[in-house]
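Asker: sharing a sequence plus its predicted fold:
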Amino acid sequence: MAKSLFQVKFLESIVAVAREIREAIFSTVPRDTEITKVDFEGPKVAIYTRRPQVFLENDGELVKKIAKTIKKRVIIRGDPEKRKSEKETEEVIEKLIPAEAGLKNVYFNDITGEVEIEVLFPEKVTQDALNAIFFETLWTPRVLRRPPVHSRTVKEIRDLYRASKQERIDFLKKLGYKVYRKPIFPTQMVRIVSLGAAREVGRSAILVQTPEANILMDAGLKPTGNGDELPLFDLPEFDVDDLDAVVITHAHLDHIGALPVLFKHGYKGPVYMTEPTLHLAKLLLEDYVKVSEREGKDPLYSMRDVNSFILNTYTMTYGEVTDIAPEIRLTFYRAGHILGSAMIHLHIGDGLINIVYTGDVKYARTMLLDPAYNKFPRAEVLIIESTYGSKTDVLPSEDDAKLELGKIVLETAQRNGIVLIPVLAVGRAQEVLLALLDLMKKQAIPQLPIFIEGMIDEVSAVHMTFPEYLSATIRGMIYNDENPFTSENIHVIRGEAREDVIEKRPAIILATSGMLTGGPVLDYLRMLADDENSSLVFVSYQVEGTLGRKILGGLRKITFSDPSGKAITKDLKMQVYRVEGFSGHSDRRQLEAFIRRMEPTPKTVILNHGETSKIDEFMRYLGSEWFKKKSGLSFEVRAPQNAESIRLV
């Protein structure tokens, strides 16, 4: 009975808000705007008109006025009855897009009225040119970057959206009505529930609950394979049917690996992330399914579940504010961890409370990325990772790490050996590639072939598709057609026998996985294990329980499966190194600096994503009188266990 009453109120609130929005728009605009329809496209209100120039003249003053009146984001669409034909529109586009932009393809979406324009250099297309296309054709132009090298991932996502345009718009309309409905209950209580990554590294998942909504921040897997891979989705607080939104910080499996599991079990709601994260997530999740099947394991989800998540994803840029539930607004801020990584800012209620969740954060500039952002409009609660939370977790600078790597490469090359670097395909591979190329450019190491295998080339292609998310230096190089990821020293392994690759000495091999939990790197390690002239170099964090962590702990007898599937044990005679400084995580000093410089200062700091010993040590430090005196800051510090809830209001 209560459920039925809630559903009635739910529908009534949807009808009421839709009517109010339409009435507010028509009372705000002049009579000559010729509006033909008002509809929702996700969290945006779409206004269809025969005269879009009226809305966009004077720097879009009328659009700003409408948005301020209805307190919603507004987009202007051309009336479908007045649009030019596709052939006529293509002619206009070819006339107005400058030749230096490198026009490649044009795709029409007759349902939304968008025309996608693929070019090599979007930055060379002016807003004036786009406005002229819109005014002349009434098709809304959307410029997309065509990757300088082929990217299967980019093509497949764009093709999926184009093939599913009706399904996609139906989802967006439903989402819009759900997001903008009037609240049924007063938002006076907010709590979080740790479903994963509390006092551990892996399976990040935090549930944010209000009387109106359930928001899940991240949905990761634990990489150890010990039976505790999934977040605690079986807790009584969590019900996939009551979930209103999933918000993802970045595309590493310990933050997205369980996302398709939600769709497998019936979730049909939205997933919010940045556009690079969407592409990287597709790549990693599909690879997880393929690797599981190849190894004879039963994957946790299917490719159909991966496609379901893609069609239900709503991408956002940094700084963009979006309603995701009644009285909850989401903003993404740069996290500095990997391409497209974002910190989540949730504004809940009418100024009731603001939560910042860092996900994985790097508060330092790297060759690949600019540092994490640290200024927010409001922030009473900070949930921050603590991977390197111990006082001994002081990492060298990237420059020092680069010099150390160069020394290892030089000495290995002089022995005519192979430098084998296990890497995470996303982030660390690109950082290390840039470091190696820079060392060669400065003649600190000889010009060596760099062989890459295991998604690294496809991930690099995604980086080239979204240079606006990269550091100013790398972004400028790509804009000027000086792409470091297409260097002649880089050789992508496609079909070559790995036995032949290790004969091309001296050389460098970058292969996945970064923690030796699977992937082609294990084949190379098997073949090179007893080669005293070669080197095994770890450049990323090794989670407790992984083979990489065991080797760093002293393990030197390793069991492999040979090509026939037979188990063989080898003594590891390679030189083993750990080069820190390329990590996408903040070390202890950077974590402290982020907290001290964060504006505004939070009232509560919650530590997660770290081993228990590191979290305990960091918590004691932040709560100590010494820290309070040194920093001038004072806040409550919490470090919950998995399954523990914290009431914030």
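Answerer: Nice, I can see it. The structure presented is a predicted model; accordingly, all values stated were derived computationally and were not measured.
Asker: OK, contacts around residue 427?
Answerer: By CB atoms under 8 Å, 6 or more residues apart in numbering, the contact set of residue 427 is 252, 337-339, 368, 584. Heads up, the C-betas are built off the backbone N, CA and C, glycines and all.
Asker: pull the most distant pair out of those residues.
Answerer: For the contacts of residue 427, the maximum inter-member distance is 14.9 Å, found between 252 and 368 (CB to CB).
Asker: okay if I get the contacts of residue 427 as a markdown table plus secondary structure, neighbour count and pLDDT?
Answerer: Output for these, formatted as a markdown table (DSSP: H, G, I helix; E, B strand; the rest coil; neighbours: other CB atoms under 10 Å; pLDDT from 0 to 100):
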| residue | secondary structure | neighbour count | pLDDT |
| --- | --- | --- | --- |
| 252 | coil | 29 | 92 |
| 337 | coil | 28 | 96 |
| 338 | coil | 27 | 95 |
| 339 | coil | 25 | 96 |
| 368 | coil | 27 | 94 |
| 584 | coil | 25 | 90 |
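Asker: and the residues you listed as a markdown table, adding distance to residue 624?
Answerer: Compiled in a markdown table, those are given as follows (distance: CB to CB, whole Å):
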| residue | distance to residue 624 |
| --- | --- |
| 252 | 32 |
| 337 | 28 |
| 338 | 32 |
| 339 | 36 |
| 368 | 35 |
| 584 | 28 |
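Asker: between the residues you listed, which is nearest residue 45?
Answerer: So of these, ranked by how close each gets to residue 45 (CB to CB), first place is residue 339, at 30.7 Å.
Asker: I'd say the closest one and residue 366 touch.
Answerer: No. Judged on CB atoms under 8 Å, residue 339 makes no contact with residue 366 at a distance of 11.6 Å.
Asker: how near is residue 392 to residue 617?
Answerer: 9 Å (CB to CB, to the nearest Å).
Asker: likewise for residue 492?
Answerer: Taking CB to CB, one finds residue 492 at 43 Å from residue 617.
Asker: looking at those two, which one has more neighbours?
Answerer: residue 617 (19 against 14; other CB atoms under 10 Å).
Asker: surely that one forms part of a strand?
Answerer: No. If the criterion is DSSP: H, G, I helix; E, B strand; the rest coil, then residue 617 is helix and not within a strand.
Asker: give the contact list for it.
Answerer: Taking CB under 8 Å, 6+ apart as the test, what residue 617 contacts is 389-391.
Asker: make JSON lines from the residues you listed and add distance to residue 400 and secondary structure to it.
Answerer: Shown next, in JSON lines, are those (distance: CB to CB, whole Å; DSSP: H, G, I helix; E, B strand; the rest coil):
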{"residue": "389", "distance to residue 400": "21", "secondary structure": "coil"}
{"residue": "390", "distance to residue 400": "20", "secondary structure": "coil"}
{"residue": "391", "distance to residue 400": "19", "secondary structure": "coil"}
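Asker: now those residues: which count as buried?
Answerer: Taking 16 or more other CB atoms under 10 Å as the criterion, what is buried in the contacts of residue 617 is 389-390.
Asker: quick check, nearest of the contacts of residue 617 to residue 110?
Answerer: Closest to residue 110, out of all of the contacts of residue 617 and judged by CB to CB, is residue 389, at 53.2 Å.
Asker: the closest one contacts residue 608, doesn't it?
Answerer: No. Residue 389 is beyond contact range of residue 608, at 10.3 Å (criterion: CB under 8 Å).
Asker: can you work out which residues contact both of the two?
Answerer: residue 615.
Asker: show me which of the contacts of residue 617 is closest to residue 421.
Answerer: residue 390 (25.0 Å).
Asker: how many residues are close by residue 106?
Answerer: For residue 106, the tally of surrounding residues (other CB under 10 Å) stands at 18.
Asker: phi and psi next, for it.
Answerer: phi -130, psi 130 (degrees, to the nearest 10).
Asker: would you map the strands across the stretch 1-150 of the chain?
Answerer: 35-41, 44-49, 73-78, 103-109, 114-119, 140-145 (DSSP state E, counting those that start in this stretch).
Asker: which other helices and strands contact the first one?
Answerer: Packed against strand 35-41 by the contact rule (3 or more CB pairs under 8 Å, 6 or more residues apart in numbering; DSSP states H and E) you find helix 2-28, strand 44-49, helix 165-179.
Asker: got JSON lines for these, with distance to residue 108, mean pLDDT and mean neighbour count too?
Answerer: Shown next, in JSON lines, are the helices and strands packed on strand 35-41 (distance: least, CB to CB, whole Å; pLDDT from 0 to 100; neighbours: other CB atoms under 10 Å):
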{"stretch": "helix 2-28", "distance to residue 108": "27", "mean pLDDT": "76", "mean neighbour count": "13"}
{"stretch": "strand 44-49", "distance to residue 108": "16", "mean pLDDT": "95", "mean neighbour count": "22"}
{"stretch": "helix 165-179", "distance to residue 108": "10", "mean pLDDT": "92", "mean neighbour count": "17"}
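Asker: pretty sure residue 215 sits in a strand.
Answerer: Yes. Counting by three-state DSSP, residue 215 falls inside a strand.
Asker: not counting sequence-adjacent ones, nearest residue to residue 325?
Answerer: In this structure, residue 325 finds its nearest non-sequential neighbour in residue 213, 3.8 Å apart by CB to CB, 6 or more residues apart in numbering.
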